[in-house]
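Novice: quick one: sequence plus predicted model below, questions after.
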Amino acid sequence: MSVPIPYETIKKLMDRVRVVCSEVGVEEALRVKGILNDHEVFRICSEEKLKKMGYRIVSRDEAPEFIRRVGSPDIIAEKDGSWVLVEVKMLSQLVRYEEAGVKLVLVTNVKKGRDIEVWGIEELRL
């Protein structure tokens, strides 16, 4: 049976990842993540980028009803009345395809793909 990890330990790791991501970048944040998974590192780095862009990170409970109604994205952010929802997805298949060095198109079942931005490691650089 595994021993629960104290919240303070997890919080310290998250704070360390936040600082490293802001000062050095995602690649280094992934190296210092400790017990945190890649998804959590990318979520933290995405929050930091949004904050640098002037966004305010909002909890689901603070979000307007039209956002709460659609689910629980990883991040909800607001700036000057404009809202952004962020869903972090680790897609190892895309990483493998990226190695070919050609254009890569992500097709999904949303109605308007032009309303979606894709952020990779380079776009998360602050």
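Specialist: Great, that's in hand. As the structure is a prediction and not an experimental result, all values here were calculated from the model.

Novice: mind listing what the spatially most central residue of the chain touches?
Specialist: The residue lying closest to the centre of the chain (Cα atoms, centre = their mean) is R43, at 2.8 Å. R43 makes contact with D74, I75, V86, V88, according to Cβ atoms under 8 Å, 6 or more residues apart in numbering. Yep, even glycine has a C-beta here, placed from its N, CA and C like the rest.

Novice: for it, helix, strand, or coil?
Specialist: Following DSSP: H, G, I helix; E, B strand; the rest coil, the label given to R43 is helix.

Novice: lowest-pLDDT helix or strand in the chain?
Specialist: Least confident helix or strand of the chain, by mean pLDDT, DSSP states H and E, is helix 92-98 with a mean of 91.

Novice: mind listing what's buried along stretch 55-71?
Specialist: Using 16 or more other Cβ atoms under 10 Å as the burial criterion, the residues of stretch 55-71 that qualify are Y55, I57, V58, A63, I67.

Novice: strands along this protein, start to end?
Specialist: 56-58, 75-79, 82-86 (DSSP state E).

Novice: want to try JSON lines for the ones you listed, with distance to L36 and mean pLDDT as columns?
Specialist: Converted to JSON lines, the strands of the chain look like this (distance: least, Cβ to Cβ, whole Å; pLDDT from 0 to 100):
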{"stretch": "strand 56-58", "distance to L36": "18", "mean pLDDT": "98"}
{"stretch": "strand 75-79", "distance to L36": "16", "mean pLDDT": "98"}
{"stretch": "strand 82-86", "distance to L36": "17", "mean pLDDT": "97"}
